[in-house]
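K.L.:
can't give you the sequence, but here's the structure:
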């Protein structure tokens, strides 16, 4: 076992942590080293997807990555967004502008307890942002949402509002083409 | 055995917390603000539309931004005044229940990873920790004993830093190498947790007096011999109450053993699984014991903060730690009942005591949550139902139920009793004999998981009724219509359910539904079109009682001179939107929603309440005597639960707001309208309070000029009228009432404690009365309490829900796929329709899990071993719930004055029965054990 | 009198019919078992489809062949087959109408099926519910799309599996041989094929390549080299998992549809046959100190910790019921590492094993790790737990990726 330095970009800010154990899970790094607790431990085993963050790839695409089964050092040099990085905050830390997905989830009462909400926000955001690069066909829309959100567990809501809200955002942003 | 433990929460009573100040630490920091919900919730302007409809949940912004809203999110550095260093703890557990536990050995951790502190049974004893009786014995198993259950904790291991904790836990996980086992030993044994029998023989018609019933006479308690219930009393028609009950039970059995020609006698068994609630936030607590001041600061995930606070004090007070203050910080949480009456919080509190000044966090990972988190009880049910083949009427309903309560007594007795009393579902049963026993086992402790016994028994009843319709060759909805309760008919305990029953209205709608009307043709067409699957349609309807028979909601509503409204409430936000709903309830009387909502309030010193005795067991004489003390109440406080929130919580909120209206806003409005000579604008008109209405946040009526709330608030303050009310109510299937003289006016209210505040302009003498935590505590008069006999009613409040499903069963895999479903809900007046629909959708998903997916072995190889997770335990995913297709319908209230009824638990039940019935329609065979897995489908087809 | 007689005759007839039915039931039950052992379902059932109704696409280098409908449907299934016709189809690849079946139907193995077993399988298939649906049409490239062209192929290779003489071997070994070579038709994948798709019988069970994955050698010495013992092999066939790892890719349907349903005696017979009556000792891999590993392997450990250890454990110990151990895992011990690379890139979908065992999906890492990172990681796995040198080059890895 060894400790090593970790450098990454976290919610747009460069972050350097000198001592990070080589086998530390990213989720523990976010929680215990960065005090970012919005990425949630649900199963700790890569099943429920409550812990996912967004990684922005050099080619302009983005993807969700499960932090409970992925080591912190996997993210070396990568650009990472967590749930805490979506909304614009005022100086006091209050949200003043939500992302389109966050806004719609709120308006549609998409979540109840909200423990899984960060994972759903990240997954839906990845879908929306990738659709901004390559719009979805109407006939593929529901399938694309199922593919993006389908692995995420929610125990409170029955999923309906998350799915409908995501569909609405894609439509509202003009990311769904006929066909 | 005694049936003392029948009381669902008797042990949580206990008088005041003598000598120890239980407080909430002052606001200020980020973490506190979050925990106190003042920042979690947002100001009303943001979340309300002008039309008074909620635009989104008032807690939504923080939640969707991933803010620290759960206790789980909190670390020491988030807490003002706490040391920065965060320590961590875990429970070491013995997983072999058939071996003597002989101590542990942590050599496998090596020197570097040894815990900084190890707490064992011996420590608890030596240090005088008075572990809560309800969660005893042996919170930590002493060596030399056999574990009570698989996964019995033996020690709390504490590390003062994260990294060593993490590394050590990786080594201790998934094995019990650190546990030393001794000889093979018999399994731990104890008497059943509870055993009950409900016998009723009705009169000539449902409306005549019962010959015998639990309410009129008594429920029956067995003698326990050799850890089994037996009936030793002699049946006698004119003997003691128990002897009479046995006489009528005997008569029922005679009829069943020699049924008349024209009866169909149904007799089958149903089994339900142990269910992991799978609240995504696992159990956790984080505490710092500051020895210098004798203060325990405790951040905790619980559905009953009030009880936890009191129990913690009782637990720690006698110990060597010298507890002087308890600062409790409950967070937002989610539990579906699993964080109610949960032993976990006490381990967390104790871990903090042994932290040597370092804040200690005890937080389950998912494996540990499976291992020790409270489960839904598995039921083993035998149902007998006699039906008259000529007129299709149900004659006799008999049930024998066995309930596995797992390794510790929790709510097992009451879950068992509630399960039995709910078994009738929506039907009138002229005679019934329902017996149920909850047993100890070496499985994981089961408790108040959503459904509370009713899911288990009612889903089975709905499958039974459907099967009987098949056997009789009649339409299953017609059979239901024939036997459904009508308003005024009695339940199986002999009590009359509250208000109008709208079951037939729902049954009529269901009978007209396209899927139902054409189900045979649909099956034919679908089976031909899709030869890989069998298609089926199923229907079920249930009604769910809500409430516990000893509910005690508290709320305080105040408005400031600038018109800002604050609501304090005892309820905890569990994700069901309780804080949003309660903020809205205020608007019934104040014309606008509360600006500030503080939930999970545990401190109500202004009411100076006291209690004694167990509300379920108290005698009428004891109650009469206790009522002479105007501070005495039947129960101090309700725990929070989703079903309770709408009905019981709203009661307190609404009554507090009503006091403000009648004794603050209304007199202020009259004063404003009567300004000017000869009574001003009001003079030519007849002004009646009952005609007052709020329009766009302003009060009007009888043609008077609308007055905005803020102006009324200012005037009420100026006049020194009532501007704040703190209330307590008590409900034992009906509300306690009392007279209160409020600001000189006598008012009879459905409350048993009331304290008020007067406006800023009140004269000093009046203000001087506000000497009870800033309130004027009023003495109630002529208190009328619900009779103690009502304890035998068990339930009187019901909400009905019905669901129809379309499914297909794959011929190859045997998997059941839900294609679509539609539900009907009747829940009185709907506060926030979006929240109700959300609850419905969520409940249905949970029901689908119960019906089709979720299952674990109970003992060896089960969750107690500590290696279960969501790979093996299948939760319903979006693909299982017909996420795009499903629809629902909320029945409009009969009138705007309908109460808001609880629904959360009931929504998940009918879908379970409906799926069972749809599977039978699809494959032509009945599967009576849940979940209906491919293996059970194949067994049914081959058997 | 006549009436009485006829009633009596009816009664006697009924008794006979009943006895015959019971015997039929026994035959059908045996046929069901044999159909499991022969794993008919794997090819003749589409995913999500009714059993034996056909439709499963079988990808071959020559095109896609669809499993046919073998339910007793008279139009699209085998409802009109006689026992003889069924036997001919099973053992010679002859359709009722005389046409040749594609050799995806393993009649090269089945040709040794005992007649009574074939009849039992046939009786079972005739007893299930008919499904009236045609399987999709097979689409092969020339010359394989010409069924008559198969005649020559059949002459050359049609009966090519010949079992070894049983002399000197135990009864279990002999039973195992029938289960493995004939019913189980294991050799159809685990034997290399020549250019025209015929099995190279001189290299029997020495491993074949299937859709880029290696069906590894089942020769006793190779199995032992990769850590197999007889009990472990039997466990593996029964549960799809053992200390050596879990079944995936093309072996998963085998355990799912076939081997988990087999009797313990037959499974242990299969293990006996494969490892021999005197099995060679299973090789145990010695732990390698981190410092003595190649530079690539040493770098690879961090890759392993980054993307594998969350499930397989930092020390390769695995997690019970979650993810198999790397320590002792047989896949790491295949010298060419083809399957290891494939599985890391493709991942594994969710798999239900026996009882409550259910493996969550393993994510695929194609596109997540570059070739250098992947090479380092594979080298670490080879050296740490595979007993193999950590000397794979990025070029070799790149080659394995495209194969």
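P.N.:
Ah, there it is. Because the structure is a prediction, the values reported are computed rather than measured.

K.L.:
Please list the residues of the stretch 301-403 of chain C that sit near chain A.
P.N.:
Proximity of the stretch 301-403 of chain C to chain A, by Cβ under 8 Å from any Cβ of the partner chain, involves residues C:301-302, C:305-307, C:309-311, C:314, C:319, C:322, C:360, C:363. C-beta here means a position set from N, CA and C on the backbone, and glycine is covered the same way.

K.L.:
pLDDT and distance to chain B added to the residues you listed, as a markdown table?
P.N.:
A markdown table is the format used below for those (pLDDT from 0 to 100; distance: Cβ to the nearest Cβ, whole Å):
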| residue | pLDDT | distance to chain B |
| --- | --- | --- |
| C:301 | 97 | 16 |
| C:302 | 97 | 17 |
| C:305 | 98 | 12 |
| C:306 | 98 | 16 |
| C:307 | 97 | 17 |
| C:309 | 97 | 10 |
| C:310 | 97 | 11 |
| C:311 | 97 | 10 |
| C:314 | 96 | 7 |
| C:319 | 96 | 6 |
| C:322 | 94 | 6 |
| C:360 | 93 | 4 |
| C:363 | 95 | 13 |
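
K.L.:
Using a markdown table, lay out these together with neighbour count.
P.N.:
Formatted as a markdown table, these follow (neighbours: other Cβ atoms under 10 Å in any protein chain shown):
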| residue | neighbour count |
| --- | --- |
| C:301 | 23 |
| C:302 | 22 |
| C:305 | 25 |
| C:306 | 24 |
| C:307 | 22 |
| C:309 | 25 |
| C:310 | 26 |
| C:311 | 19 |
| C:314 | 18 |
| C:319 | 19 |
| C:322 | 25 |
| C:360 | 23 |
| C:363 | 18 |
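
K.L.:
among those residues, which are in helices?
P.N.:
C:301-302, C:305-307, C:309-311 (DSSP state H).

K.L.:
so what's the residue in the stretch 101-250 of chain C positioned nearest to chain B closest to, chain neighbours aside?
P.N.:
Proximity of the stretch 101-250 of chain C to chain B (Cβ to the nearest Cβ) peaks at residue C:131, 4.7 Å away. Leaving aside its chain neighbours, residue C:131 sits nearest to residue C:53 (3.9 Å; criterion: Cβ to Cβ, 6 or more residues apart in numbering or on different chains).

K.L.:
do the same with residue B:564
P.N.:
If the residues on either side of it in the chain are set aside, residue B:564 comes closest to residue B:595, at 4.9 Å by Cβ to Cβ, 6+ apart.

K.L.:
Would you confirm that that neighbour contacts residue B:559?
P.N.:
No: in this structure, residue B:595 is not within contact of residue B:559 by Cβ atoms under 8 Å, at 9.0 Å.

K.L.:
ok so residue B:589 is a helix residue?
P.N.:
Yes: Residue B:589 sits within a helix when classified using DSSP: H, G, I helix; E, B strand; the rest coil.

K.L.:
Count residues in the vicinity of it, would you?
P.N.:
Residue B:589 has 22 neighbours, counted by other Cβ atoms under 10 Å in any protein chain shown.

K.L.:
show me what contacts the residue nearest to residue A:160 when sequence neighbours are not counted?
P.N.:
Nearest non-adjacent residue to residue A:160, counting by Cβ to Cβ, 6+ apart: residue B:841, 4.6 Å away. By Cβ atoms under 8 Å, 6 or more residues apart in numbering or on different chains, the contact list for residue B:841 reads A:157-161, B:881, B:886, B:888.

K.L.:
same question, residue A:137
P.N.:
Neighbour list for residue A:137: A:176-179 [criterion: Cβ under 8 Å, 6+ apart].

K.L.:
Next: residue B:370.
P.N.:
B:276, B:444, B:856, B:863, B:866, B:868-869, B:873 are the contacts of residue B:370 under Cβ under 8 Å, 6+ apart.

K.L.:
Would you mind trimming those residues to those in range of chain C?
P.N.:
Contacts with chain C within the contacts of residue B:370, counted by Cβ under 8 Å from any Cβ: B:856, B:868-869.

K.L.:
Out of these, which is nearest to residue B:924?
P.N.:
Residue B:924 has its nearest neighbour among those in residue B:856, at 29.3 Å by Cβ to Cβ.

K.L.:
Roughly how far does the closest one sit from chain A?
P.N.:
Per Cβ to the nearest Cβ, to the nearest Å, residue B:856 is found 15 Å from chain A.

K.L.:
Give me the neighbour count for that residue.
P.N.:
When neighbours are counted by other Cβ under 10 Å, residue B:856 registers 22.

K.L.:
pretty sure it is touching residue B:863, no?
P.N.:
Yes: between residue B:856 and residue B:863 there is a contact at 5.4 Å, judged by Cβ under 8 Å.

K.L.:
list residues touching both of the two?
P.N.:
Taking Cβ under 8 Å, 6+ apart as the criterion, residue B:856 and residue B:863 both touch B:276, B:370, B:873.

K.L.:
what would these look like in a markdown table with pLDDT?
P.N.:
Output for those, formatted as a markdown table (pLDDT from 0 to 100):
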| residue | pLDDT |
| --- | --- |
| B:276 | 98 |
| B:370 | 98 |
| B:873 | 98 |
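
K.L.:
JSON lines please, covering the residues you listed and showing secondary structure.
P.N.:
Converted to JSON lines, those look like this (three-state DSSP):
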{"residue": "B:276", "secondary structure": "coil"}
{"residue": "B:370", "secondary structure": "helix"}
{"residue": "B:873", "secondary structure": "coil"}
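
K.L.:
Just give me the closest of those residues to chain C.
P.N.:
Nearest member of those to chain C, counting by Cβ to the nearest Cβ, is residue B:873, at 8.5 Å.

K.L.:
Could you report the distance from that closest one to chain A?
P.N.:
10 Å.

K.L.:
For burial, what's the neighbour tally of residue B:134?
P.N.:
Look at residue B:134: counted by other Cβ under 10 Å, it has 18 neighbours.

K.L.:
and what of residue C:316?
P.N.:
Neighbour tally, residue C:316, other Cβ under 10 Å: 21.

K.L.:
That one and residue B:427, how far apart?
P.N.:
In this view, residue C:316 and residue B:427 are 59 Å apart by Cβ to Cβ, to the nearest Å.

K.L.:
What is the subsequent helix or strand relative to the helix or strand of chain C with the lowest mean pLDDT?
P.N.:
When the helices and strands of chain C are scored by mean pLDDT, DSSP states H and E, helix C:150-157 comes last with a mean of 61. Per DSSP states H and E, the first helix or strand lying C-terminal to helix C:150-157 is helix C:171-177.

K.L.:
Much appreciated, bye for now.
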